[in-house]
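S.K.: Need a 3D model of the following:
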Amino acid sequence: MELGAFSISLSVKDINVSKAFYENLGFEVFAGDIEKNYLIMKNGNALVGLFQGMFENNILTFNPGWDENANTLKNFDDVREIQQHLKSKGVKLESEADENTSGPASFVVLDPDGNAILVDQHV
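M.R.: Numbers count the residues shown, from 1 in each chain. This next block holds a predicted model:
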């Protein structure tokens, strides 16, 4: 099972302070809009999303169908296939993708310690 590009989505208090901090670590703005309180920062293959006022806790994010440069992959496991696999293993989902659709969709699962994992397909 291939989950796609990995990033961590951080809930930040001040996006400008966080942007400067991650720039000091060698990250550069890759995507997003600071005026809308979100940025995706990139350093090599590492992706960190900065989100101010959008959610409470940090989230592990996987993007099926994308590589770390947001390029669409020719072959990938659809988010609904990943969801079905997890359900077959008895994993409880917090939210689900509509399995009667195709294209962009997402679901959320919590790990045993309550950390949210977002599987978010954009293609």
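S.K.: So which residue is smack in the middle of this structure?
M.R.: In the chain, the C-alpha nearest the mean C-alpha coordinate belongs to residue 61, at 2.6 Å (Cα atoms, centre = their mean).
S.K.: Isn't residue 25 up against residue 44?
M.R.: No. The pair residue 25 / residue 44 is not scored as a contact, 11.4 Å apart, by Cβ atoms under 8 Å. The C-beta positions use only the backbone N, C-alpha and C, and glycine is treated the same way.
S.K.: For the residue nearest to the centre of the chain, identify the helix or strand it belongs to.
M.R.: Here residue 61 sits within strand 59-63, counting by DSSP states H and E.
S.K.: what's downstream of that strand, the next helix or strand?
M.R.: Using DSSP H and E, the helix or strand that follows strand 59-63 towards the C-terminus is helix 79-88.
S.K.: What helices and strands are in contact with that following helix?
M.R.: The contact analysis (3 or more Cβ pairs under 8 Å, 6 or more residues apart in numbering; DSSP states H and E) places helix 79-88 against strand 93-95, strand 105-110, strand 116-121.
S.K.: out of those, which comes closest to residue 48?
M.R.: Residue 48 sits nearest to strand 116-121 of all these, at 14.3 Å, using Cβ to Cβ.
S.K.: Parallel or antiparallel, which strands does that closest one pair with?
M.R.: Here strand 116-121 is paired, per DSSP bridges, with strand 59-63 (parallel), strand 105-110 (antiparallel).
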